[in-house]
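**Q** Okay, predicted coordinates and the sequence, questions at the end:
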Amino acid sequence: QGLHALMVAAGKLYFGTAMETNNFNDMAYQAISSNRNEFGMFTPENSQKWEVTEPTQNQFSFTQADQVAMKVKSNGQLLRCHTLTWHSQLPGFVTTTTWTRATLTAALTAHITNVMKHYAGFCYAWDVVNEALNEDGSFRQSVFFKTLGPSYIPLSFSLAAAADPTAKLYYNDFNLETTAAKADGALKIVQLIQSPPQNITGARIDGVGFQAHLNVGQTPTRAQLAATLRRFTALGVEVAYTELDIAHTKLPASEADNQKQAADYVATVGSCLDVKECVGITVWQFSDKYSWVPGTFPGKGEACLYTEGFEKKVAYEAVVGLL
Ligand code: XIL
């Protein structure tokens, strides 16, 4: 058994995790991640981001992400690729250049085309555009938005569709699970890609990724989560939880808090089971040892299914029980 094998038995495509090259020499980690019954899908946690793949304009570097891709592929597991057009983890040249519409369009074209062609055929899906929205559903004032307006989004999907016709193309964001106004904005993004401006041709969107960086005790119910997923599948796209973790806001977590965390994991995984077009779940690291949460959100943590010492938590057993 194992998370992935159970998800497949439940009719889904995969259960996955984020992984990065700094996890490679941790034998306890690798014993779990290389078990094909436990994880069937991997997302490079950082190595496919723009600052790594194109640190200097038109100089591409795939060494690090290739190591993740090769490890996964040689073990018969799949890759979710992450991410192309995003305001964060950008190289200096993207944030400091004074762009015009023409020069930024050319830079975006070169980036998406080169990175996606390098991995063509390797990625189950690509998070083409990541985190384009503010919490109120308006567009984030990124360098892309400020120079190109909303059309940078369908443009990215048009370039992506041309570069790798086989990858599923996703819009990916956080708090869509909890914030209706932001979900409204994401629905509009799907529609914008489906009916783009006339000068943008060949755009296609296949899926919406729900990052699901959630908090214990503040996670919507299974029914609420499923209803939100269905708002998107009604537009003809698939959905997935792409970066799931459920952080404790009070540390160390008590036994009662861990029971709550288990219930929140069950609600989230359960909502994917309830929606036919929800294809799978990726956790954003499976052990607290490598979770991004405590470093980014001081005071929060213990968000993963396994402890720092790779023991299975109550939440892990509850997810297995559900599946
Ligand atoms: C995070 C990584 O986990 C960290 O290691 C890194 O320092 C910052 O980025 N949304 C995303 C992910 O789409 O790429 C982010 O990953 C977490 C939030």
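**A** Sure, I can see it.
**Q** What are the buried residues along stretch 245-257?
**A** Neighbour counts over stretch 245-257 (16 or more other C-beta atoms under 10 Å) mark 245-248, 253, 257 as buried. Placement of C-beta: from N, CA and C, glycine included.
**Q** before we move on, what about stretch 300-311?
**A** In stretch 300-311, counting by 16+ other C-beta under 10 Å, buried: 300-306.
**Q** Give me the contact list for stretch 90-109.
**A** For stretch 90-109, contacts defined as C-beta atoms under 8 Å, 6 or more residues apart in numbering pick out 50-51, 54-57, 85, 143-144, 147-148, 152, 155-156, 159.
**Q** what's the pLDDT at residue 235?
**A** For residue 235, the pLDDT comes out at 98.
**Q** Which of the buried residues of stretch 245-257 fall within helices?
**A** Members of the buried residues of stretch 245-257 lying in helices (criterion: DSSP state H): residue 257.
**Q** what's the most distant pair in the buried residues of stretch 245-257?
**A** Farthest pair in these (C-beta to C-beta) is 245 and 257. Separation: 14.8 Å.
**Q** Using PDB, list the CA coordinates for stretch 30-39.
**A** The C-alpha coordinates for stretch 30-39 follow below in PDB (Å, rounded to 0.1, in the frame of the first residue of the first chain):
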ATOM      1  CA  GLN A  30      14.900   8.800  -0.200                       C
ATOM      2  CA  ALA A  31      13.700   5.500   1.200                       C
ATOM      3  CA  ILE A  32      10.200   7.000   1.400                       C
ATOM      4  CA  SER A  33      10.200   9.200  -1.800                       C
ATOM      5  CA  SER A  34      11.500   6.500  -4.100                       C
ATOM      6  CA  ASN A  35       8.800   4.000  -3.000                       C
ATOM      7  CA  ARG A  36       6.500   4.000  -6.000                       C
ATOM      8  CA  ASN A  37       3.500   3.000  -3.900                       C
ATOM      9  CA  GLU A  38       4.000   6.100  -1.700                       C
ATOM     10  CA  PHE A  39       4.600   8.800  -4.300                       C
END
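**Q** now stretch 124-135: how far from the chain's centre is it?
**A** From the chain centre to the centre of stretch 124-135 is a distance of 8 Å (C-alpha atoms, centre = their mean, to the nearest Å).
**Q** what comes up buried for it?
**A** Residues 124-133 are the ones in stretch 124-135 that count as buried (16+ other C-beta under 10 Å).
**Q** Report all helices and strands that the top strand by length along the chain contacts.
**A** Ranked by residue count under DSSP state E, the longest strand found in the chain is strand 238-247. Judged by 3 or more C-beta pairs under 8 Å, 6 or more residues apart in numbering; DSSP states H and E, strand 238-247 is in contact with strand 168-173, strand 207-210, strand 213-215, helix 222-233, helix 255-274, strand 278-283.
**Q** The same query, at a cut-off of 6 Å, please.
**A** Counting contacts by 3 or more C-beta pairs under 6 Å, 6 or more residues apart in numbering; DSSP states H and E, strand 238-247 packs against strand 207-210, strand 213-215, helix 255-274, strand 278-283.
**Q** what inclination does that strand have with respect to strand 278-283?
**A** Strand 238-247 and strand 278-283 are oriented at 30 degrees to each other (axes from the mean of the first three to the mean of the last three C-alpha atoms, to 10 degrees).
**Q** wait, what's in contact with the residue nearest to residue 170 when sequence neighbours are not counted?
**A** Nearest non-adjacent residue to residue 170, counting by C-beta to C-beta, 6 or more residues apart in numbering: residue 207, 4.3 Å away. Taking C-beta atoms under 6 Å, 6 or more residues apart in numbering, we find residue 207 in contact with 168, 170, 237-238.
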